[in-house]
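Visitor: Okay, sequence plus prediction incoming.
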Amino acid sequence: QVQLVESGGGLVQAGGSLRLSCVVSGSIFRLLAMGWYRQAPGKQRELVACITSAGNTDYVDSVKGRFTISRDNAKKTVYLQMNSLKPEDTANYYCNAHLNKEVLYRARFGSWGQGTQVTVSS
């Protein structure tokens, strides 16, 4: 079982940028599909972006063209570069992982990290 540590959140004005990082423990990082999720108060957690072990990416429509997910297998880290941030992007952001990319879309994981809070002011 992998452990995940998210970082990089903060308070930013609308139009600003942040880069989130998720460091993954264990030796199988290169085999994992990785996903970034977010959960705003009173809302369900949603998958924002994901990347396969081969580097194929997918994004929810609301962030396409603004967010970029990437991975560094040597550092066992997945990143989420967030540009042109909007107040509606405010949420706690989490990462998670699975060998099967399709599992990321269901978001039914037994455990989650603490996440990193992103707050976008208008």
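Guide: Ah, there it is.
Visitor: Relative to N92, how far out is the residue most central in space within the chain?
Guide: For the chain, W36 is the residue whose C-alpha lies nearest the centre (C-alpha atoms, centre = their mean; 2.0 Å). Distance, W36 to N92, using C-beta to C-beta, to the nearest Å: 11 Å. Every residue, glycine included, has its C-beta placed from N, CA and C.
Visitor: G9 too?
Guide: Where N92 is concerned, G9 sits at a distance of 8 Å (C-beta to C-beta).
Visitor: got it, and V120?
Guide: Counting by C-beta to C-beta, the gap from V120 to N92 is 13 Å.
Visitor: pLDDT wise, what is K75 at?
Guide: K75 carries a pLDDT value of 96.
Visitor: My error: substitute G113 in the last question.
Guide: Reading off the per-residue confidence, G113 sits at a pLDDT of 88.
Visitor: cool, S27 as well?
Guide: Per-residue pLDDT puts S27 at 85.
Visitor: quick one, helices of this structure?
Guide: Under the criterion DSSP state H, the chain contains helices at 101-106.
Visitor: list residues touching both of G9 and N92?
Guide: G115, T116, Q117, V118 (C-beta atoms under 8 Å, 6 or more residues apart in numbering).
Visitor: can you list the weak-confidence ranges in this structure?
Guide: Within the chain, no stretch has pLDDT under 70.
Visitor: what about Q81, distance to S27?
Guide: 26 Å.
Visitor: Ignore what I typed, I meant G65.
Guide: 35 Å.
Visitor: and if you look at F67?
Guide: Counting by C-beta to C-beta, the gap from F67 to S27 is 28 Å.
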